[in-house]
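Chemist: have a look at this prediction, sequence included:
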Amino acid sequence: MIWNEKIECASRDEMAAVQSERLKQTVQRIYHNIPSYRAKMQEIGMLPGDVRSVEDLKSLPFTNKTDLRDNYPFGMFTVPMSEIVRVHASSGTTGKPTVVGYTRNDLSMWAEVVTRSLCMSGVTRNDIVQVAYGYGLFTGGLGLHYGTENLGATVIPISGGNTQKQIQLMQDFGSSVIACTPSYALFLAEVMQEMGIDPEELKLRVGIFGAEPWSESMRKEIEAKLKLKAIDIYGLSEVIGPGVSCECEHQVGMHVNEDHFIPEILDTETLEPVAPGEVGELVFSTITKEGIPILRYRTRDLTRLIYDKCECGRTLVRMEKCKGRSDDMLIIRGVNVFPSQIESVLLEMSETEPHYLLIVEREGTLDVLKLMVEVQEQFFSDEVRELEKLKKKITHNIQSTLGISVDVKLVEPKTIERTAGKAKRVIDNRKI
Amino acid sequence: MIIKQVSVFLENKSGRLNEVTKILADAEINLSAFTIADTSDFGILRMIVSDPDKACAVLKENEFSVKTTDVVLAKTPNKPGSLSKLLDILQKEEVFIEYMYAFSMKDEGAVTVIRPTRVERCVEMLQKHKTELLRADELYQL
């Protein structure tokens, strides 16, 4: 079923007309409400009136994650707090999180795009949807939750973790849809096997997986192990959360809800638009959001866009699975991790620049983060007890700042390779 | 009476200890005693050497994490009961020990390296009980 056929199957011209009108309004709203973005426009001599259609989008300045940090917490909101009904937050590049705010209209729009996504995945109001994304500041849980309710399907708001209970409810309640990260899906399959439960006996038929990168081979594995159709959903809190785009049942790229979020693909060096179909950095502009509209937000995700009409009948542009990042952000078990965050934790513990290396491995089905820290003079004590204490403290501080467990290993100075002045900070051994 | 012990951080992998001993050999530094405290992934090498300052300098040049720690060297006769007697004194005088290690020579007696929580008190108390403590210059001649 197509939830909003009129817009999801609109012609390119109809879509461009909708986008142009909404973009103009958004530029006005931002120019008059966000001093930092106004300054960027003034710097290049641009006035809101200069944006006449979606064609003019490419002349507008970018928004970066750092802009959100610099305006922490609410400086990028374009409405008074009395209009904001909810906030969500994701991890920032350093200490402070990235905060986003939603008006009542934003929440309805979000529910709408998630409902469209569920319909794309083949979910109907007869389904029972087990939402195993975390509920809370993370957008995954509540995003899927309200989209499911809006569709009229039944939602089981179980949130993340508690794996045995997840499986028990699948058995007892007959969940037909599971929404979680793809790595958690594999973990569920593993635990089912340990519990001696045959997925064939469950009613699962669709999985809505996102919040971290995953490959086609991982899709095959999940589909074989859980006996369901694995659908990729994409989103980021800076844009709205899950539901920015989602695959349809044909699994040939994620349809972008482009009447709300305009995607562009830019050359990572020149930041100019690439030729249609080429890979580059994905940039989003929101054109209906009220709480925190954002123009040309650099997602740092690398992908390409497909403009052909899809077999499902939708004309919404499709984006391929993300092929990587143009920055050093890692996504580990759904949590965004920047090496700079680790660095600030280590810096807080000593006076001088720490040398460290992050190694990410996929052990079985779960991502494991290992951190090698060089024991420089400032860390070194000749008592084992003190060094063990140091190790525990690093582990604890990272856990409490980033919300992720890390396996710390102390190594000798100069163990970590230096390349042309700048140390290599990350080794990602996951085969994604 | 306070001796500088040299401590080096070592990763638990093959060849690392030999690396240290080679550097010391090239610098013509003699090792009088050493011990290794080890855990699953790292170890701490503690050494009494003929020239602690020089040892630190050459090891730092070779990118090792090094530091010196004050220790006390107590000399006792090489016969049964000597260590027990030494520990009795320390216990009675409430001198607490972080760690210790020892080496003995046939005729010259046994030497115990002590890392107490309070070094000055340890020296004072052992002297009070007439325990022979080694000076740096004596030690290096061993």
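Modeler: Nice, I can see it.

Chemist: pretty sure A:G241 is touching A:V113, no?
Modeler: No. When contacts are counted by CB atoms under 8 Å, A:G241 is not listed as touching A:V113 (9.1 Å). Heads up, the C-betas are built off the backbone N, CA and C, glycines and all.

Chemist: excluding its backbone neighbours, what's nearest the residue of chain B found nearest chain A?
Modeler: When distances are taken as CB to the nearest CB, chain B approaches chain A most closely through B:S7, which lies 3.4 Å from it. With CB to CB, 6 or more residues apart in numbering or on different chains as the measure, A:D382 is the residue that lies nearest to B:S7, at 3.4 Å, once sequence neighbours are left out.

Chemist: and the one you found, how many residues sit next to it?
Modeler: Counted by other CB atoms under 10 Å in any protein chain shown, the residues lying close to A:D382 total 24.

Chemist: am I right that it sits in a helix?
Modeler: No. Residue assignment for A:D382, taken from DSSP: H, G, I helix; E, B strand; the rest coil, gives coil, which places it outside any helix.

Chemist: residue contacts, it?
Modeler: For A:D382, the contacting residues are B:5, B:7, B:44, B:46, B:67, B:69, taking CB atoms under 8 Å, 6 or more residues apart in numbering or on different chains as the criterion.

Chemist: one more time with 10 Å
Modeler: If you count contacts by CB atoms under 10 Å, 6 or more residues apart in numbering or on different chains, A:D382 has them with B:5-9, B:37, B:44-46, B:65-69, B:71, B:98-99, B:115.

Chemist: so what's the gap between stretch A:16-34 and the chain middle?
Modeler: Shown here is stretch A:16-34, whose average C-alpha point lies 24 Å from the average C-alpha point of the whole chain (CA atoms, centre = their mean, to the nearest Å).

Chemist: quick check: buried residues in it?
Modeler: For stretch A:16-34, burial by neighbour count (16 or more other CB atoms under 10 Å in any protein chain shown) applies to A:16, A:18-20, A:22-24, A:26-27, A:29-31, A:34.

Chemist: so which of the contacts of A:D382 belong to strands?
Modeler: When DSSP state E is applied, the contacts of A:D382 are split such that B:5-9, B:37, B:44-46, B:66-69, B:71, B:98-99, B:115 fall in strands.

Chemist: from the residues you listed, which would you call buried?
Modeler: B:5-9, B:37, B:44-46, B:66-67, B:69, B:71, B:99, B:115.

Chemist: got a list of contacts for the helix or strand of chain B with the lowest mean pLDDT?
Modeler: Between all helices and strands in chain B, the lowest mean by mean pLDDT, DSSP states H and E belongs to helix B:136-140, at a mean of 73. Under the contact criterion CB under 10 Å, 6+ apart, helix B:136-140 has outside partners B:1-4, B:30, B:32-33, B:48-52, B:73, B:75, B:111, B:113, B:132, B:134.

Chemist: and the residues you listed, which are buried?
Modeler: Judged by neighbour count, with 16+ other CB under 10 Å as the criterion, the buried members of the contacts of helix B:136-140 are B:1, B:3-4, B:32-33, B:48-52, B:73, B:75, B:111, B:113, B:134.

Chemist: from the chain's centroid, how far away is stretch B:90-107?
Modeler: 11 Å.

Chemist: in that stretch, which residues are buried?
Modeler: Of the residues in stretch B:90-107, those scored as buried under the neighbour-count criterion (16+ other CB under 10 Å) are B:90, B:95, B:99-102.

Chemist: the nearest residue to A:I156 once chain neighbours are set aside: what's it in contact with?
Modeler: On the basis of CB to CB, 6+ apart, the spatially nearest residue to A:I156 that is not a chain neighbour turns out to be A:Q130, at 4.4 Å. The neighbours of A:Q130, taking CB under 10 Å, 6+ apart as the test, are A:144, A:148, A:154-158, A:166, A:169-170, A:173, A:175-180, A:204, A:207.

Chemist: what's the helix or strand for A:Q130?
Modeler: Secondary-structure element containing A:Q130, defined by DSSP states H and E: strand A:128-131.

Chemist: returning to what we had before: which residues are common contacts for A:G241 and A:V113?
Modeler: Both A:G241 and A:V113 are in contact with A:143, A:147, A:235, where contact means CB under 10 Å, 6+ apart.

Chemist: mind listing what the strand or helix carrying the last one pairs with, with the direction of each?
Modeler: Secondary-structure assignment from DSSP H and E places A:G235 in strand A:229-236. Based on DSSP bridges, the pairing partners of strand A:229-236 within the sheet are strand A:206-209 (parallel), strand A:241-247 (antiparallel).

Chemist: list the buried residues in that strand.
Modeler: So for strand A:229-236, counting by 16+ other CB under 10 Å, buried means A:229-236.

Chemist: can you check stretch A:341-348 too?
Modeler: Going by neighbour count (16+ other CB under 10 Å), the buried part of stretch A:341-348 is A:341-346.

Chemist: and those residues, which two are furthest apart?
Modeler: The largest distance within these, taken as CB to CB, falls between A:Q341 and A:L346 and amounts to 10.0 Å.

Chemist: joint contacts of the two?
Modeler: Taking CB under 10 Å, 6+ apart as the contact criterion, the common neighbours of A:Q341 and A:L346 are A:I398.

Chemist: pLDDT below threshold where in chain B?
Modeler: Low-confidence segments of chain B, defined by pLDDT under 70, span residues B:140-142.

Chemist: and it, which of its residues are near chain A?
Modeler: With CB under 10 Å from any CB of the partner chain as the criterion, chain B comes near chain A at residues B:5-13, B:16, B:19, B:37-46, B:60, B:62-69, B:71, B:98-99, B:115.

Chemist: mind running it again at 6 Å?
Modeler: Those residues of chain B that sit near chain A, judged by CB under 6 Å from any CB of the partner chain, are B:7, B:9, B:11, B:37, B:39, B:41-42, B:44, B:63, B:65, B:67, B:69.
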